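>>> this is the structure alone, sequence omitted:
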């Protein structure tokens, strides 16, 4: 997706050979028009599938997932990263280790909003080691959903999450795949 | 906003005289089309103002704020509820007590995305005691922004957050104001 790649090159900040910050349009500030284009691109990539639910995880997955949901007319279910006291025990849960935050979160989704009748696309902002997506797949599996694929805004192609998922036969559609961040430069696949 | 009120009546769950859950379209699952209508309604309410930034707080504020941003062509800045290790010290912070979660969170916004040139609308899903909005107002104040108003999806009119804000001369636009949740019934103002 050329518009996204341009935005990454212009506004992204390469902090090391493995860390790219895109705070200005995705992680701390959201560019709603870009998110709309991203939602439409995900819809286009998965146009051969009937999708009944979009599944994502707070917080940076919510904007792109909502724009996909708007485009295809499907609700968005989002996993929360820890239990709220107002949530009942009516939850699917999974453990997700965050390499960025160096902590394990319990993620949870209400059982009310995923069922074996659902065809789900999983959406997330970044794919690196694939921990968050694995947690969401675990939850979709517990719910008995069919997962038609995974949509990622930015995949770090030099980390192994994408390979691990694709090797399992999971369809992964990434809108920008980064080959390397060496020498402070973003190089796409 | 009639569509929102209908949705609250049909899908909302009154758990007590003070607790209303709207998990099916706002807090655990998002109805993207309703969020779009909500974004357009906020834009309409504030159409006499020039808005340069929408300010909200993760997670349930993100979808309605992003739809307002899409409608008016403004970026959305969202406060995070605790520090991430990848964030720098370049932050505005404030303390917010959550009566729902019975805990105090530090909320933070990057200094990169709010400036004294900004005219800001603050968006949140619920207004009850007003703690989250007060934290966002504190951050906007630290940044030297002008706050043109506060947009709320659902205000609990029987709690004092709205009154406290309006008594300070802050413009509060709530799309649905609940007068009472007594006897398991939602009564609007």
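Received, thanks. Bear in mind that the values here come from a model prediction, so they are computed numbers and not experimental data.
>>> mind listing what's buried in the longest strand belonging to chain A?
If you go by DSSP state E, chain A has its longest strand at strand A:146-156. Within strand A:146-156, the residues that count as buried by 16 or more other Cβ atoms under 10 Å in any protein chain shown are A:147-156. Where you see a C-beta, it was placed from the backbone N, CA and C, and this is true even at glycine.
>>> ok, residues contacting the helix or strand just after that strand?
Once the chain leaves strand A:146-156, the next helix or strand it forms, by DSSP states H and E, is helix A:161-167. Contact with helix A:161-167 is made by A:127-131, A:133, A:150, A:152, A:155, A:172, A:174, A:177, as judged by Cβ atoms under 8 Å, 6 or more residues apart in numbering or on different chains.
>>> possible to save these as TSV with distance to residue A:19 and secondary structure?
Output for those, formatted as TSV (distance: Cβ to Cβ, whole Å; DSSP: H, G, I helix; E, B strand; the rest coil):
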residue	distance to residue A:19	secondary structure
A:127	15	strand
A:128	10	coil
A:129	13	coil
A:130	17	coil
A:131	16	helix
A:133	19	helix
A:150	22	strand
A:152	17	strand
A:155	15	strand
A:172	21	strand
A:174	18	strand
A:177	17	strand
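>>> and which of these is nearest to chain B?
residue A:128 (12.0 Å; Cβ to the nearest Cβ).
>>> wait, the closest one sits on residue A:156?
Yes: the pair residue A:128 / residue A:156 is scored as a contact, 4.6 Å apart, by Cβ atoms under 8 Å.
>>> for the residue most central in space within chain A, give the beta-bridge partners.
Nearest to the geometric centre of chain A sits residue A:124, at 0.9 Å (Cα atoms, centre = their mean). Beta-bridge partners recorded for residue A:124 (DSSP bridges): residue A:152.
>>> which pLDDT value goes with it?
With respect to pLDDT, residue A:124 scores 98.
>>> show me where chain A dips below the pLDDT cut-off.
A:83-88 (pLDDT under 70).
>>> just the helices in it please.
For chain A, helices defined by DSSP state H occupy the ranges A:2-11, A:32-45, A:62-72, A:131-143, A:161-167.
>>> can you tell me which of those is most buried?
helix A:62-72 (a mean of 27; mean count of other Cβ atoms under 10 Å in any protein chain shown).
>>> just want the angle from that one to helix B:62-72.
70 degrees (axes from the mean of the first three to the mean of the last three Cα atoms, to 10 degrees).
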